[in-house]
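Enquirer: model this:
(2 chains)
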There are 2 protein chains.
Amino acid sequence: MKDFTFQNPVKIHFGHDKLSLLGDELKHFGKRVLLTYGGGSIKKIGLYDRVQQAVKDAGMELYELSGIEPNPRIDSVRKGAEMCKEHNIDVLLAVGGGSTIDCTKWIAAAACVEHDAWDFFDYDKWSPVEKALPIVSILTLSATGSEMDSGGVISNPETDDKRGRQSKLLFPKVSFLDPTLTYSVSPFQTAAGSADIFSHLMEVYFAPGETMYMLDTFIEGMMRTVIRYAPIAIREPENYEARANLMWTSSWAINGLVGADKPQAWSCHPMEHELSAVYDITHGLGLAILSPRWLEYCMNKDTMPKIAQFGINVFGIEPTMPQREIALRAIDALGHFLFDTLGLKRTLPECGIDESHFESMAAKAVLPYEGKLPGFCTLTKDDVVNIYRMCMK
Amino acid sequence: MKDFTFQNPVKIHFGHDKLSLLGDELKHFGKRVLLTYGGGSIKKIGLYDRVQQAVKDAGMELYELSGIEPNPRIDSVRKGAEMCKEHNIDVLLAVGGGSTIDCTKWIAAAACVEHDAWDFFDYDKWSPVEKALPIVSILTLSATGSEMDSGGVISNPETDDKRGRQSKLLFPKVSFLDPTLTYSVSPFQTAAGSADIFSHLMEVYFAPGETMYMLDTFIEGMMRTVIRYAPIAIREPENYEARANLMWTSSWAINGLVGADKPQAWSCHPMEHELSAVYDITHGLGLAILSPRWLEYCMNKDTMPKIAQFGINVFGIEPTMPQREIALRAIDALGHFLFDTLGLKRTLPECGIDESHFESMAAKAVLPYEGKLPGFCTLTKDDVVNIYRMCMK
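Expert: Here you go, the predicted model:
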């Protein structure tokens, strides 16, 4: 296991009755707040009105940026940064899922610089993040973990790019996690969000090199949590226990704790980012389609023990069988969970995706890694094309 | 499960090669550093010299308070606070186990007030913690979790009191967790430290009320980690993997994450604090002796399912047996682990403790709780006496 530094300063208010603290938390940071959100869902569940009231009661001025996209675009970042400068915003309040929070993080950074927002993501420029406005978030979808991490992914439709980046200045100061705010999340979005959480866990669980046993038990525990509660949340949208378990798992899957002991070498995410950059499909759905194929493609003598461990400790497969058999059953069990239990689409054609962009997407996926994705097994551009092809049927 | 707020801002540098950052971390806080430590063990392992060199290289002034006791006393807090005032200390550097770090936390608080340090612990006064000097710690014993929490326990031999208290101002700013610094920890201290970690986990696992499944998987994973690695660390003191797993588990067992979803209602710790206040026995040893008796005493129709869950998920007991049988075997397995595998003493008489103070210790244990310890099962003074008596043979 490798040396690491861990620090996660986000203050989390978790539970039914915590939103009453919103005004007090916002007031710490100043007087002018920019509320950022996506579509109308926060109005439908009454959250928009509650936020308005809280900001008003706190004696603060409210500005609004709505319409942040599911795969948030650099133009929204630009627009938000402009508003911050124009209105001298003191604090950003992101209300939504990971897309809104991701976008808001980069608004917070872009508001503090004079250059174009895409310069943060341009590989030639990679402008430093030296300052950012404070961010408070209210989470409405359990999936990306953006509420408790320091990264955000932004799309640039002009260049078909979708890129992620982290900075410790972009941790939210405070995040409100109220599981009841996810009661209205649709079965499909619940399934896709759960697949996203599960994929974050797989990306760090299936990493090259030695791992810390204790952190593996956390990952396996969170995987079992998703397997246990995602189907309940789909079936009973207002089951507090299920929503709470998924919500807290979404945060801890990707807040820097698990995986700190391993080289960060993600595989499905870079491959999926190209899919949703070109086709704008739901991130968690893309990950679900890719994950079992990727695991199957990576299976060899060296990777088999870990896949078998996954089968035994996560899916409860009988440990007395031959290792290869356990590993194969684990991959089957993963597919069964994602496609049969969660009901997600199994193939790319079902999502309207054909082979026409596989070569260019694969080239882009490996580009930042000098041509080789350095994950559980190393993937060249051709390997990525092969994995995309496995998703055709 | 209950609502909660979670925030843990401690920056952890974990691994072999992290101490090189010590000077840089200290410099952030000023120029004058007070080094606090216990006996000579940090000199024996060369750590004292490394710290001296780092402070010198950072161009800082070093002051020293040594001789902090295993159950740290209020007089050490007083002495440290005096030194801070006299030398205008900017930052405290605690090098040692939980006792040194606990003591240093309260030095940090006492340095900022004019009143006597015991006023923080006097139930009639309970003076507020409104300011504290910054603390950096270097951990040399995996046990109390003080390196990543905000509490500290202090003894007052004049009154036979041992009391704990938390304040968010007392989180260390930075803690260095280098598993190699625990290579020289003796088999007994390794066993006692592991029993302490295990007890922290039991205190939150066996709590009244509903729990969050996901956090239970973390607790069970950490319990299995202790069971797996404590014997290895005892047998092979320089096994990095074992020392690393115990070290990171010591922090996460008690840093506010697991247990946040439940009422904090600890049982063995209050009972043990009285034992070590009167007899000055090693905290982890006292906890080990008490834990299986306490669990046995608490077993009833309501508590049995959780004890059985513990047996199945932590000790791997066959889940098909009757619940009562599983629970009884779990308690047996716990005793077997603590006394046979870790080799800790099984009874109080083996530690030179007789019944003479049971009544007064039990009265003190329940005093802050209005006569009833509100844990997994509620314990009156008589219950506590009964549990102490169970530890006689």
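Enquirer: When you work out contacts or count neighbours from here on, use the C-alpha atoms and nothing else.
Expert: Will do.
Enquirer: what about A:Ser76, how many residues close to it?
Expert: 24 (other Cα atoms under 10 Å in any protein chain shown).
Enquirer: residues in the stretch 101-250 of chain A within reach of chain B, list them.
Expert: A:212-214, A:217-218, A:221-222, A:225, A:241, A:244-245, A:249 (Cα under 8 Å from any Cα of the partner chain).
Enquirer: Apply 10 Å and report the result again.
Expert: Counting by Cα under 10 Å from any Cα of the partner chain, the stretch 101-250 of chain A comes close to chain B at A:174-178, A:210-226, A:228-229, A:240-242, A:244-246, A:248-249.
Enquirer: Make a PyMOL selection of the buried ones in those residues.
Expert: The buried residues among those can be selected in PyMOL (16 or more other Cα atoms under 10 Å in any protein chain shown) with this line:
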select buried, chain A and resi 174+175+176+177+178+211+212+213+214+215+216+217+218+219+220+221+222+223+224+225+226+228+229+240+241+242+244+245+246+248+249
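Enquirer: if I read this right, A:Met361 contacts A:Lys162, doesn't it?
Expert: No - at 11.0 Å, A:Met361 does not count as touching A:Lys162 under the criterion of Cα atoms under 10 Å.
Enquirer: Quick check: neighbours shared by those two?
Expert: A:270, A:272-275, A:277-278 (Cα atoms under 10 Å, 6 or more residues apart in numbering or on different chains).
Enquirer: just the helices in the stretch 201-350 of chain A please.
Expert: Remark: helices assigned in the stretch 201-350 of chain A by DSSP state H, counting those that start in this stretch are A:213-235, A:240-252, A:268-279, A:283-298, A:304-315, A:323-335.
Enquirer: Out of the ones you listed, flag the one nearest B:Leu295.
Expert: helix A:213-235 (24.5 Å; Cα to Cα).
Enquirer: Report the angle between that closest one and helix B:213-235.
Expert: 170 degrees (axes from the mean of the first three to the mean of the last three Cα atoms, to 10 degrees).
Enquirer: CA-only coordinates of helix A:213-235 in PDB, if you can.
Expert: C-alpha atoms of helix A:213-235 as PDB (Å, rounded to 0.1, in the frame of the first residue of the first chain):
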ATOM      1  CA  TYR A 213      -7.500  -4.800   4.200                       C
ATOM      2  CA  MET A 214      -9.400  -2.400   6.400                       C
ATOM      3  CA  LEU A 215     -10.300  -0.100   3.500                       C
ATOM      4  CA  ASP A 216     -11.300  -3.100   1.400                       C
ATOM      5  CA  THR A 217     -13.800  -4.000   4.100                       C
ATOM      6  CA  PHE A 218     -15.200  -0.500   3.800                       C
ATOM      7  CA  ILE A 219     -15.600  -0.800   0.100                       C
ATOM      8  CA  GLU A 220     -17.100  -4.200   0.300                       C
ATOM      9  CA  GLY A 221     -19.500  -2.900   3.000                       C
ATOM     10  CA  MET A 222     -20.600  -0.100   0.800                       C
ATOM     11  CA  MET A 223     -21.100  -2.300  -2.200                       C
ATOM     12  CA  ARG A 224     -23.300  -4.600  -0.100                       C
ATOM     13  CA  THR A 225     -25.200  -1.500   1.000                       C
ATOM     14  CA  VAL A 226     -25.900  -0.500  -2.600                       C
ATOM     15  CA  ILE A 227     -27.000  -4.000  -3.400                       C
ATOM     16  CA  ARG A 228     -29.200  -4.100  -0.400                       C
ATOM     17  CA  TYR A 229     -30.900  -0.700  -0.600                       C
ATOM     18  CA  ALA A 230     -31.000   0.400  -4.300                       C
ATOM     19  CA  PRO A 231     -33.800  -2.100  -5.100                       C
ATOM     20  CA  ILE A 232     -35.700  -1.000  -2.000                       C
ATOM     21  CA  ALA A 233     -35.400   2.600  -3.000                       C
ATOM     22  CA  ILE A 234     -36.600   1.800  -6.500                       C
ATOM     23  CA  ARG A 235     -39.600  -0.200  -5.100                       C
END
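Enquirer: The longest strand seen in chain A packs against which elements?
Expert: Ranked by number of residues, the top strand in chain A under DSSP state E is strand A:4-14. Judged by 3 or more Cα pairs under 10 Å, 6 or more residues apart in numbering or on different chains; DSSP states H and E, the packing partners of strand A:4-14 are strand A:135-139, strand A:174-177, helix A:240-252, strand B:4-14, strand B:174-177.
Enquirer: what's downstream of it, the next helix or strand?
Expert: helix A:22-27 (DSSP states H and E).
Enquirer: Which positions in that next one come out as buried?
Expert: For helix A:22-27, the neighbour count (16+ other Cα under 10 Å) marks A:22-23, A:26-27 as buried.
Enquirer: other SSEs contacting it?
Expert: Counting by 3+ Cα pairs under 10 Å, 6+ apart, helix A:22-27 packs on strand A:32-36, helix A:47-57, strand A:91-96, strand A:135-139, strand A:174-177.
Enquirer: Tell me who's in contact with the residue of chain A most remote from its centre.
Expert: Relative to the C-alpha centroid of chain A, counting by Cα atoms, centre = their mean, A:Thr320 is the outermost residue, at 35.5 Å. Residues counted as contacts of A:Thr320 (Cα under 10 Å, 6+ apart) are A:312, A:326.
Enquirer: Next: the one 4 residues further on.
Expert: Under the criterion of Cα under 10 Å, 6+ apart, the neighbours of A:Arg324 are A:299-301, A:304-305, A:307-308, A:330.
Enquirer: And for A:Glu296?
Expert: With Cα under 10 Å, 6+ apart, A:Glu296 has these contacts: A:304, A:307, A:327-328, A:330-332, A:387, A:390.
Enquirer: So A:Leu169 sits against A:Val10, correct?
Expert: No - using Cα under 10 Å, A:Leu169 makes no contact with A:Val10, being 11.1 Å away.
Enquirer: re earlier: wait, which of the helices of the stretch 201-350 of chain A is closest to A:Ala94?
Expert: Closest approach to A:Ala94 among the helices of the stretch 201-350 of chain A (Cα to Cα): helix A:240-252, 15.8 Å.
Enquirer: quick one: low-confidence parts of the stretch 201-350 of chain A?
Expert: Judged against pLDDT under 70, the stretch 201-350 of chain A has no low-scoring part.
Enquirer: Just want the most central residue of chain A.
Expert: Short answer for chain A (Cα atoms, centre = their mean): A:Thr144, at 2.3 Å.
Enquirer: Run through the residues that contact it.
Expert: Per Cα under 10 Å, 6+ apart, neighbours of A:Thr144: A:97-99, A:101-102, A:152, A:193-197, A:199-200, A:250-251, A:253-254, A:283-284.
Enquirer: same question, A:Ser127
Expert: A:Ser127 sits next to A:113, A:115-121 when contact means Cα under 10 Å, 6+ apart.
Enquirer: Kindly report the same for A:Asp216.
Expert: Contacts of A:Asp216 were listed using Cα under 10 Å, 6+ apart, and they are A:201, A:204-205, A:222, A:258-259, A:310, A:313, B:218, B:221.
Enquirer: Switch those residues over to CSV; also include distance to A:Met60.
Expert: Below are the contacts of A:Asp216 laid out as CSV (distance: Cα to Cα, whole Å):
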residue, distance to A:Met60
A:Leu201, 39
A:Val204, 41
A:Tyr205, 44
A:Met222, 39
A:Val258, 38
A:Gly259, 40
A:Phe310, 50
A:Asn313, 50
B:Phe218, 40
B:Gly221, 45
